[in-house]
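Engineer: Fold the following and give me the result.
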Amino acid sequence: MTKILLLAAAIFSLGAAALGFLNRGKLAEARMEMETATSELALKQQELAAAQKDGETRKQEIAELSSQKDTLSASLNESKAELDKATAALEEEKAKITAAEQAKADAEVTLQAAQDKIAELEQQATAPPVPAPSAETADATAVIAERDELRTVVAGLEDRNSALQAQIAQLQRKDQDRRGSVMRQGLQGTILAVNQSWNFVVLSLGDRQGVVPNAEMLVQRGGQLLGKVRVTSVEPSTSIADILVRTVPRGLSVMPGDTVIYQAQRD
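Structural biologist: Numbers count the residues shown, from 1 in each chain. Sure thing, here's the model as predicted:
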């Protein structure tokens, strides 16, 4: 009986030890799973924090881009208004030249007619004297008086003609000076706005900086050449220029903030 009890106690002890060993293994495995889950949770929390931070950064970037868009739109509208104003001024200047040339032509016609009349009167006044009644003598006196009056008119017309010629010359010289101005080598500015649909840009340079129509300028970004633009209209402080698409490499585009530089072509 004692042996049976001892054997049973030994079997029970071995079972308890085996059960304890199995429980310790499961406990260790459970701890490892818990540590893994904790690490994964911490990683997910870090990723979530990074995503939230990136979202805030994106919001700020969107707000800044929206503000830049509004600023560029306002600048573009202002430049368009200045362009319309300059175009109207140019048309007015051309109308003045046309009117002055027409007035000059009219004055020349009137002057020629007056000179012809004077020549006719002088021929009558210098004709050989012939006996004539007193009435004809009075007519001759009237002819001389008319000739003198016409000479005064001719002198006034000549003065007006000279003034008109000077006015036309001044307007033409002003226009030639504007068209023939030479831009300063190395003149540099920035692109304020870009219209991709119509391929034109607004420059931060204008008449005050010496910009002239039809001038070609290089476009650069960080020292990299992006292409060229050609000035189409000039305002006091800004200019409008067309993007020369053929000069822009494939995959690149002109953007606000890019630098424009004038480099005269050498012969």
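
Engineer: pretty sure residue 232 is touching residue 240, no?
Structural biologist: Yes - under the criterion of C-beta atoms under 8 Å, residue 232 makes contact with residue 240 at 5.3 Å. Where C-beta positions appear, they are placed from N, C-alpha and C, glycine not excepted.

Engineer: Mind listing the shared neighbours of those two?
Structural biologist: Residues touching both residue 232 and residue 240 by C-beta atoms under 8 Å, 6 or more residues apart in numbering: residue 200.

Engineer: more neighbours, those two?
Structural biologist: Using other C-beta atoms under 10 Å, the more surrounded residue of residue 232 and residue 240 is residue 240, with 24 against 13.

Engineer: Spatially nearest residue to the more buried one, not counting backbone neighbours?
Structural biologist: Spatially, and ignoring its direct neighbours in sequence, residue 240 is nearest to residue 233 (4.6 Å; C-beta to C-beta, 6 or more residues apart in numbering).

Engineer: Can you list the strands that the helix or strand hosting the one you found pairs with?
Structural biologist: Here residue 233 sits within strand 224-234, counting by DSSP states H and E. Sheet pairing for strand 224-234, assigned by DSSP bridges, gives strand 216-221 (antiparallel), strand 239-244 (antiparallel).

Engineer: Report the secondary structure state of residue 205.
Structural biologist: With DSSP: H, G, I helix; E, B strand; the rest coil as the basis, the three-state label of residue 205 is coil.

Engineer: State the mean pLDDT of stretch 145-160.
Structural biologist: Averaged across stretch 145-160, pLDDT comes to 76.

Engineer: so residue 258 touches residue 221, yeah?
Structural biologist: Yes - taking C-beta under 8 Å as the definition, residue 258 is a contact partner of residue 221 at 4.9 Å.

Engineer: neighbour count winner among those two?
Structural biologist: Per other C-beta under 10 Å, whichever of residue 258 and residue 221 has more neighbours is residue 258, with 19 against 14.

Engineer: who's in contact with that one?
Structural biologist: With C-beta under 8 Å, 6+ apart, residue 258 has these contacts: 190-191, 219-221, 226.

Engineer: Now for those: which two are most distant?
Structural biologist: Greatest spacing in those, by C-beta to C-beta: 190 and 226 (12.9 Å).

Engineer: about what we covered before: any chance of a markdown table for the strands paired with strand 224-234, columns mean pLDDT and distance to residue 31?
Structural biologist: A markdown table is the format used below for these (pLDDT from 0 to 100; distance: least, C-beta to C-beta, whole Å):
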| stretch | mean pLDDT | distance to residue 31 |
| --- | --- | --- |
| strand 216-221 | 96 | 57 |
| strand 239-244 | 96 | 67 |
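
Engineer: Could you dump the contacts of residue 258 into CSV with distance to residue 203 added?
Structural biologist: What follows is the contacts of residue 258, written out as CSV (distance: C-beta to C-beta, whole Å):
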residue, distance to residue 203
190, 7
191, 6
219, 10
220, 13
221, 15
226, 14
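
Engineer: Just the buried subset of those residues, written out for PyMOL, thanks.
Structural biologist: A single PyMOL command selects the buried members of these (16 or more other C-beta atoms under 10 Å):
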select buried, resi 191+219+226
